[in-house]
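[1] quick one: sequence plus predicted model below, questions after.
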Amino acid sequence: MKTLFAATACLLALGTASAQSATYAVDPTHTFVTWEALHFGTSTSRGRFDKKEGTIEFDRAGKTGKIEVTIDMASINTGVAPFDNHLRSKDFFDVANHPTARFVANGLSFDGSNVSQVTGSLTLLGKTGPVVLKAVRFNCYMHPFLKREACGGDFETTLQRSLWGSSYGLPGIPDNVRLTVQVEAIRQ
């Protein structure tokens, strides 16, 4: 009877532990924040932010979580230094006064056991507004080198930049910017 009680207690403890939230650190080597916008209706300008950090609290069984990601706006990289400098200026990101952007989310939607959508808020240029990221794919796996669980996916949305106060070049430079976030995070 003691053995049965002990085994039941262990199973209950394991079941409880698996339903609890775990913390994941964003892996900067497998996380990319990229954007694209039309340039006067002729070609597409593209770039990325090279420095970002964040944490994700995720309870897959409970289908809940919280995401906090900070982006270093000075790390913008288009591959063209003069264009990067213009994007850092007051015309676009005003990096001197707003060095970071921050995304915070606590709304996760699921399709089965996989995240299908993330709802949160983006603070950019000192203004905070709602953002919904659609999951293109999502998966968790055992990282072969770290021997810990890693979760991630590709997420996308389209932002209307004027809602955050970036109106330089409108309407020649369109208001809509496509944002794609490829993210992987390692369980801590």
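    Yes, it's here.

[2] did I read that right, Pro82 in a helix?
    Yes. Following the definition DSSP: H, G, I helix; E, B strand; the rest coil, Pro82 is counted among the residues of a helix.

[3] residues contacting it?
    By C-beta atoms under 8 Å, 6 or more residues apart in numbering, no residues touch Pro82. All C-beta spots, glycine's among them, are computed from the backbone N, C-alpha and C.

[4] so how far is the biggest strand by length in the chain off the chain centroid?
    With residue count as the measure and DSSP state E as the assignment, the chain has strand 127-142 as its longest strand. The chain centroid and the centroid of strand 127-142 are separated by 6 Å under C-alpha atoms, centre = their mean, to the nearest Å.

[5] and it, which strands flank it?
    Counting by DSSP bridges, the strands paired with strand 127-142 are strand 114-124 (antiparallel), strand 149-160 (antiparallel).

[6] between these, which one is closest to Gly79.
    strand 149-160 (21.2 Å; C-beta to C-beta).

[7] now that closest one, how far from the chain's geometric center?
    Centre to centre, stretch against its chain (C-alpha atoms, centre = their mean), the figure for strand 149-160 is 6 Å.

[8] ok, now which ones touch the nearest residue to Gln188 once chain neighbours are set aside?
    Spatial nearest neighbour of Gln188, chain neighbours left out: Thr23 (4.8 Å); criterion: C-beta to C-beta, 6 or more residues apart in numbering. With C-beta under 8 Å, 6+ apart as the criterion, the residues that contact Thr23 are Thr55, Ile56, Glu57, Arg187, Gln188.

[9] any idea where the strands of this protein begin and end?
    Assignment of strands within the chain using DSSP E yields the ranges 22-26, 32-39, 43-49, 52-59, 64-72, 76-77, 100-111, 114-124, 127-142, 149-160, 176-187.

[10] restricting to C-alpha, output the longest one in PDB.
    In PDB, the C-alpha atoms belonging to strand 127-142 read as follows (Å, rounded to 0.1, in the frame of the first residue of the first chain):
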ATOM      1  CA  LYS A 127       4.100  54.900 -28.300                       C
ATOM      2  CA  THR A 128       2.500  51.600 -27.400                       C
ATOM      3  CA  GLY A 129       0.000  49.900 -29.700                       C
ATOM      4  CA  PRO A 130      -1.600  46.400 -30.200                       C
ATOM      5  CA  VAL A 131       0.100  43.800 -32.400                       C
ATOM      6  CA  VAL A 132      -1.100  40.400 -33.500                       C
ATOM      7  CA  LEU A 133       1.500  38.000 -34.800                       C
ATOM      8  CA  LYS A 134       0.300  35.000 -36.800                       C
ATOM      9  CA  ALA A 135       2.300  31.800 -36.400                       C
ATOM     10  CA  VAL A 136       3.400  30.400 -39.700                       C
ATOM     11  CA  ARG A 137       4.900  27.400 -37.900                       C
ATOM     12  CA  PHE A 138       5.600  26.400 -34.300                       C
ATOM     13  CA  ASN A 139       7.400  23.500 -32.700                       C
ATOM     14  CA  CYS A 140       9.200  22.400 -29.600                       C
ATOM     15  CA  TYR A 141      12.100  19.900 -29.700                       C
ATOM     16  CA  MET A 142      14.900  18.500 -27.600                       C
END
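
[11] I appreciate the help and will end here.
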